[in-house]
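> When you get a sec, could you give me coordinates for this:
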Amino acid sequence: MKIYFAAFVCAALAISPVDAVTNTSQAEPAPVISPQNSTADHSKFEILDDEFDFAPDVTEACLECHTEAAQQIHQTPHWRWAAKVDGKMVGKSQNGYNNYCVAARGNSSCSQCHTGYGWRNDDFDLEAEENVDCLVCHDTTGTYKKSAKMSGHPYYEDTQVGDQLIKGVDLRKVAQSVGLPSRQNCLACHANGGGGNGVKHGDTDMSLVDPVHELDVHMSADKLNFSCQTCHSTSGHQISGRYNGKKAFLDDQLDMGRHERLGNNVSCESCHSNRPHDERQLDNHTSKVACTSCHIGEMARGPYPTKLSWDWSTAGELKDGKPFSQDIEIDGVHVHQYMSKKGTFTWGRNVVPEYRWYKGELLQKSLSDVIDPNQAPIDINPPTGDYDDPDAKIWPFKIHRGKQPYDTENNTMLPIYLVGKKGSGALWSDFDWAKALAAGAALNEMEFSGQFDFIESNGYWPIKHMVAPAEQAVACEQCHARGGRLESLDGFYLLGRDGSTWVDLLGAVMVFGGLAGVGGHSAYRYVSYRRRNASNRKQHDNQYDDQQQD
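Numbers count the residues shown, from 1 in each chain. This next block holds a predicted model:
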């Protein structure tokens, strides 16, 4: 079954512990952010003046005043991680997959970025209000950290994680300091999906916590200083801007903040209209070219690289019976090139995106879909639309190349059981592919023939952030040329790019033939004129001589 599904399926699928980038701002203390425009000082609330030692107890305290908040959260993709489509639940929590850590079931560390506490397996109570995590979005102290090993609970005690000591959380202090979500809150998860800072999106990493103007004209504190919700307007914890089952460009829905827009994307046209330029010729592009195609010329434009490919087939190598990793340095940032747990990666900074027709819908595949190995690479979530679709535009994409396991008998993609104790079959403990795939299939209620191989795949990520200053917009000749940015985008004629050798030759013959004809005709006229002129002079001279003789 193929279904139209998008952002919450592919935006944070299979988030695992932050292990890919070793010298990021996440390892540094977050700046203290004061609550903004609040009408309440939570430090004065008696119910919050308690020595909390269990995070769900804080939630119960919050609900004493914010009585509807948990039920609102329960209706959101941030909580459900799935939605019913064609009678089937599909998303991170079930049936969905990508080409990073493949699936959330089997990787309990994904719950580090769930807006709740305790989601380890199917026993998790999605209806329990106390399981909602209020603090992950509303902490303003920068001290609230969720553990990858505790199913979404924060670090209650000082814990050594790699070379970093994470302090145990002071729940009373955090609860008394809550405020509006900041970029720091949102990016803690959305910038670190897939195992590390900047891994997934290509346009979202921790540099957006405090970006310079040249990196993002909207979020830079030097200029507009947008928060995420400036564009992703929110009502009742429903956040606008998801690209799932919605057309991206609806002219009657371009105003921000309207309740009927909730669940739809927030487009550039919301503020800038579809005629934002002083030059009419530039405005003529907006019906078929997305703003981001010109105004985000490269992805991963900040200090951190983004992951471009992930080859699972090389995972499992050991040295002296132990897992190992190899790092490379990209412009001063150390990233993993190989990990026994995950395989081989490639990375890039300032990467020119790829371009596809897109109308805001991604055709997300599910684990139950039958694939054709002869059609590899398998498009996991290709964008829909083409030149003839009035709602489609040319969009920039990060296309993540993967190589991941599939069942060679059933022709279905296979989830991997990654996190578990020694002897459980978990890949990251036992490094036995057959056992890890069998366990992963069982967890996801799939059939597994026992026969597997690895197949190439593509994951599509539309580029929307890191908007550059206007003077850095993509130049015309970067697209309107052979071998340019749009070389692989077919189905339409593009001035400066398209042509036929024979047609060009015929055109040259016609042009030069026409010029030759004009030149020949002009030469003939000139010669004829000279001859007539000479003849007229001779005739005139003869008449003059005759008159003299008379």
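> CA atoms for contacts and neighbours, from now on please.
Fine.
> Report the distance from stretch 407-414 to the chain centre.
27 Å (Cα atoms, centre = their mean, to the nearest Å).
> Need the contact partners of it.
Contact partners of stretch 407-414, identified using Cα atoms under 8 Å, 6 or more residues apart in numbering, comprise 367-373, 404-406, 437, 440-441, 448-453.
> Could you tell me which of those residues are located in helices?
437, 440-441 (DSSP state H).
> re the thing from before, separate out the buried members of the contacts of stretch 407-414.
Using 16 or more other Cα atoms under 10 Å as the burial test, those include 367-368, 371, 404-406, 437, 440-441, 448, 452 as buried.
> And those, which is closest to Lys200?
Minimum distance to Lys200 across the buried ones among the contacts of stretch 407-414 is 16.1 Å, recorded for Gln404 (Cα to Cα).
> ok, that closest one - contacts?
99, 102, 311-313, 413, 454-457.
> By neighbour count, which of these wins?
Met413 (29 neighbours; other Cα atoms under 10 Å).
> what bridges to that one?
Tyr406 (DSSP bridges).
> how about the strands of the stretch 251-400 of the chain, start to end?
306-311, 325-330, 333-339, 343-348, 354-358, 363-365, 378-379, 393-407 (DSSP state E, counting those that start in this stretch).
> let me redo that: the stretch 1-150 of the chain
Assigned by DSSP E, counting those that start in this stretch, the strands in the stretch 1-150 of the chain fall at 2-4, 82-85, 88-91.
> Can you give me the distance of Arg401 to Gly440?
Noted for Arg401: a distance of 22 Å to Gly440, by Cα to Cα, to the nearest Å.
> and what of Cys231?
38 Å.
> okay, and for the chain, where does confidence drop off?
1-37, 85-86, 243-265, 535-550 (pLDDT under 70).
> Domain parsing of the protein, as residue ranges.
2-365, 499-550 (automatic domain parsing).
> and Ile239, bridged to which residues?
Thr234.
> Am I right that it is in contact with His232?
Yes: if you go by Cα atoms under 8 Å, Ile239 and His232 touch, sitting 6.0 Å apart.
> So for Leu486, which of the domains of the chain sits nearest?
Using Cα to Cα, the nearest of the domains of the chain to Leu486 is domain 2-365, at 6.6 Å.
> Off-centre distance for that closest one?
11 Å.
> Now stretch 121-138: buried residues?
Neighbour-count burial for stretch 121-138 [16+ other Cα under 10 Å]: 129-138.
> Could you export these to CSV, including columns for distance to Glu279?
Formatted as CSV, the buried residues of stretch 121-138 follow (distance: Cα to Cα, whole Å):
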residue, distance to Glu279
Glu129, 54
Glu130, 55
Asn131, 54
Val132, 50
Asp133, 49
Cys134, 47
Leu135, 47
Val136, 45
Cys137, 42
His138, 43
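> what's the closest of the residues you listed to Arg280?
Checking these against Arg280 by Cα to Cα gives Cys137 as the nearest, at 43.0 Å.
> Isn't that closest one up against Gln184?
No: at 9.1 Å, Cys137 does not count as touching Gln184 under the criterion of Cα under 8 Å.
> Between those two, which contacts overlap?
What both Cys137 and Gln184 touch, as defined by Cα under 8 Å, 6+ apart, is an empty set.
> Now do the same contact list for Leu494.
His480.
> export the strands of the stretch 251-400 of the chain to a markdown table and tack on distance to Tyr155?
Output for those, formatted as a markdown table (distance: least, Cα to Cα, whole Å):
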| stretch | distance to Tyr155 |
| --- | --- |
| strand 306-311 | 28 |
| strand 325-330 | 26 |
| strand 333-339 | 25 |
| strand 343-348 | 29 |
| strand 354-358 | 40 |
| strand 363-365 | 35 |
| strand 378-379 | 38 |
| strand 393-407 | 32 |
